[in-house]
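> Build me a model from this:
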Amino acid sequence: MVVLVPHPLTDCVKQLAQDMSKEEFNKGQTILEQGWPQSRAFFIADGQIRRERVVNDQSHQVVDMFGNTEPDKFGNRKIAIGALHVLHEEPAFANAKAMSSGYMYSLPATVLKKHLESPQFSTEVVQSLAVEVRRQANQVRWLMRTPLLEQRPKKTNVIAVTIAASIESFYRSGLK
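Okay, the predicted model is just below:
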């Protein structure tokens, strides 16, 4: 996930940053446990966090690493954890465990909700989301699908379909 920050930094974003709290973490520390209420979003400033989801008593890595990582092919670093669940304080999707020591900034859901009450802040959020969707649509080709009515039809193997239909018909008539 990318941090959606309008450029240059606006007063709204500066105020939001001031309302975040800095938290340090140590290697091996559990930052978030699957199923916990997601009451805060975390933004990794230094260190690495690994997310894993437990399904049927088996741990599955959800996303590579967060924090000090190499940028992906679009130049983004994964630094946000829990940002999609924080507004409604939904249960955390996966465990988050520190793979190294470092620090992060946390944003409580109550603070984010307070900021979203501001029309100026809400407008900036919508604007930055629109910019991000446009950026991803231009860079990720699989998002650019051909509309259904503009697609060229694929050739149908009439012989194979006829034989399959005949076999199915014969099978169904035998069941009656």
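> wouldn't Leu116 be in contact with Ser122 here?
Yes: counting by Cβ atoms under 8 Å, Leu116 does reach Ser122; the two are 5.5 Å apart. Heads up, the C-betas are built off the backbone N, CA and C, glycines and all.
> roughly how far is the helix or strand containing Ser122 from the heart of the chain?
According to DSSP states H and E, Ser122 maps onto helix 119-139. From the chain centre to the centre of helix 119-139 is a distance of 15 Å (Cα atoms, centre = their mean, to the nearest Å).
> Past it, which element shows up next along the chain?
helix 158-175.
> And the average pLDDT for that following helix is what?
Helix 158-175 carries an average pLDDT of 83.
> Who's the closest spatial neighbour of Lys113, skipping the chain neighbours?
Leu87 (7.0 Å; Cβ to Cβ, 6 or more residues apart in numbering).
> secondary structure class for that neighbour?
coil (DSSP: H, G, I helix; E, B strand; the rest coil).
> Can you list the low-confidence ranges for the chain?
Within the chain, the stretches with pLDDT under 70 are 1-9, 61-78, 136-151, 175-176.
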